[in-house]
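1. quick one, fold the following:
(one chain, ligands or ions: 2)
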Amino acid sequence: MPHRYRRLRLTPTIRNFVRETNFTAYDLLQPFFVIDGKNKKEAISSMPGIFRYSVDLLIKEIETYVRAGGRGGVLFGVSHHKDNTGKYAYATSSPVVAAIKAIKKHFPQFLIVTDVCLCAYMSHGHCGIVEGQKISNDKTLPILAKMALVHAQAGADMIAPSDMMDFRVSAIRQALNKEHFEDVGILSYAVKYSSAYYGPFRDAAHSAPGFGDRKTYQMDPANSREALKEARRDVEDGADMVMVKPVLAYLDIVSNLRRELNVPIVGYNVSGEYSMIKAAAQNGWVDEKAIVLETLISIKRAGADIIISYHAKDALKWLQ
Ligand code: PBG
Ligand code: ZN
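-> Ligands and ions are numbered 1, 2, ... in the order given. Sure, this is the predicted structure:
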């Protein structure tokens, strides 16, 4: 008589011994929006709990985050200085540069990743130089490289280009190496879908495109093979890590990349994914703590090594 199948009973004493996936503070990166000025903390109406900070208050916020166990974050500059050349993106006077220096001074061990893209510094809101109604890939590359270099000089640990221009990873790598920033890594937004989930971010970063959309340079949500192709190419070009963005509707892509590539995979739990949970939680329709922890563990289970999430600071509190 064969044994009947018996499922392991996950009693409280055994449960944690057989857990296949876990996460710690080293799995999480919190995004931070940085603005000019002093003593500024601006609420973002579509992202409850997330604020834009001037550098002085950002340091206070990061101090709280570090106390909760936080180990690193991604910096996004939000600028009122915008033009058609993108020159504010690489200004050494930008709030991002000041933020990098201040964070490194107060928290030398804190991992600083900086978003490198032009859309927050362009009057038209597109991620590259616009000529007529088109984005000029090749005119955008040197500007991205300058921006990356300015961040590296300020002390950034990793550069995260989010623009989706072709050959930007090699352009940035070359620019960094030329100035002896070999230790500064590149986290490429390799797989970036054209997504409605970015809605609240564009509000947060004042970066909605003024005309057209980003469909010509972001990926079609219907495509999966293309994701692998893009990610492979970025790794060949010198990316140290590759990102999938958004992550929740694209966990299959995370799993594919995990299987096919040997670099760390980063999942970006984007603004719209955050806001949907926040809205439902504020209405009392879901249990926020439970749903956030379930969501984050699903991203790790799919194969992500690192998760960028607006929930990171809450998750760390709940983990303790
Ligand atoms: C800009 C950028 C975007 C996000 C990160 N960097 C917006 C976009 O591409 O439209 C989205 C992040 C989020 O939604 O949380 N290149
Ligand atoms: Zn952009």
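2. near ligand 2, which residues of the protein are found?
-> Those residues of the chain that sit near ligand 2, judged by CB under 5 Å from the ion, are 117, 119, 127. Quick note: C-beta positions are derived from backbone N, CA and C, even for glycine.
3. ok so A315 is a helix residue?
-> Yes: if the criterion is DSSP: H, G, I helix; E, B strand; the rest coil, then A315 is within a helix.
4. ok so, going back, closest to ligand 1 out of the residues of the chain next to ligand 2?
-> Taking CB to the nearest ligand atom as the measure, ligand 1 lies nearest C117 of the residues of the chain next to ligand 2, at 3.8 Å.
5. picking up where we left off before, check the residues of the chain next to ligand 2 against ligand 1, which are close?
-> Subset of those in contact with ligand 1: 117, 119, 127, counting by CB under 6 Å from any ligand atom.
6. from ligand 2, how far out is the nearest residue to D287 once chain neighbours are set aside?
-> Counting by CB to CB, 6 or more residues apart in numbering, the nearest residue to D287 once its immediate chain neighbours are dropped is A281, at 7.6 Å. Counting by CB to the ion, to the nearest Å, the gap between A281 and ligand 2 amounts to 29 Å.
7. how about the helices in the stretch 1-150 of the chain?
-> In the stretch 1-150 of the chain, the helices defined using DSSP state H, counting those that start in this stretch lie at 12-15, 55-67, 95-106, 137-154.
8. kindly check the end-to-end length of stretch 232-241 for me.
-> 11 Å (CA to CA, to the nearest Å).
9. hang on, the earlier thing: buried subset of the ones next to ligand 1 among the residues of the chain next to ligand 2?
-> Among these, those classed as buried by neighbour count (16 or more other CB atoms under 10 Å) are 117, 119, 127.
10. dump those residues into a markdown table; add distance to K40 and pLDDT as well.
-> Output for these, formatted as a markdown table (distance: CB to CB, whole Å; pLDDT from 0 to 100):
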| residue | distance to K40 | pLDDT |
| --- | --- | --- |
| C117 | 22 | 95 |
| C119 | 21 | 91 |
| C127 | 26 | 90 |
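11. tell me which residues touch E260, please.
-> For E260, the set of contacting residues under the criterion of CB atoms under 8 Å, 6 or more residues apart in numbering consists of 228, 231-232.
12. ok, now with 6 Å
-> When contacts are counted by CB atoms under 6 Å, 6 or more residues apart in numbering, E260 is found next to L228.
13. that one and ligand 2, how far apart?
-> Taking CB to the ion, one finds E260 at 26 Å from ligand 2.
14. so what pLDDT did that residue get?
-> Model confidence at E260, expressed as pLDDT, equals 97.
15. repeat that for M164.
-> Looking at M164, its pLDDT stands at 83.
16. i'd like the first residue to be 47 from this point on
-> Renumbered: residue one is now 47, and that last one reads M210.
17. residues near it, how many?
-> Other residues within reach of M210, judged by other CB atoms under 10 Å, total 24.
18. am I right that it sits in a helix?
-> No: the assignment for M210 by three-state DSSP gives coil, which leaves it out of any helix.
19. surely it touches T262?
-> No: taking contacts as CB atoms under 6 Å, M210 lies outside contact range of T262: 9.4 Å.
20. before we move on, the earlier item: count the residues that sit near the residue nearest to D333.
-> Per other CB under 10 Å, the neighbour tally for A327 reads 17.
21. and the pLDDT for it?
-> At A327 the predicted local distance difference test score is 98.
22. helix or strand: which one has it?
-> Applying DSSP states H and E as the criterion places A327 in helix 317-328.
23. is ligand 1 within reach of that helix?
-> Yes: for helix 317-328, a contact with ligand 1 is found by CB under 6 Å from any ligand atom, at S317.
24. make a markdown table out of the helices of the stretch 47-196 of the chain and add mean pLDDT and mean neighbour count.
-> Formatted as a markdown table, the entries for the helices of the stretch 47-196 of the chain read as follows, by pLDDT from 0 to 100; neighbours: other CB atoms under 10 Å:
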| stretch | mean pLDDT | mean neighbour count |
| --- | --- | --- |
| helix 58-61 | 92 | 9 |
| helix 101-113 | 97 | 17 |
| helix 141-152 | 97 | 20 |
| helix 183-200 | 96 | 21 |
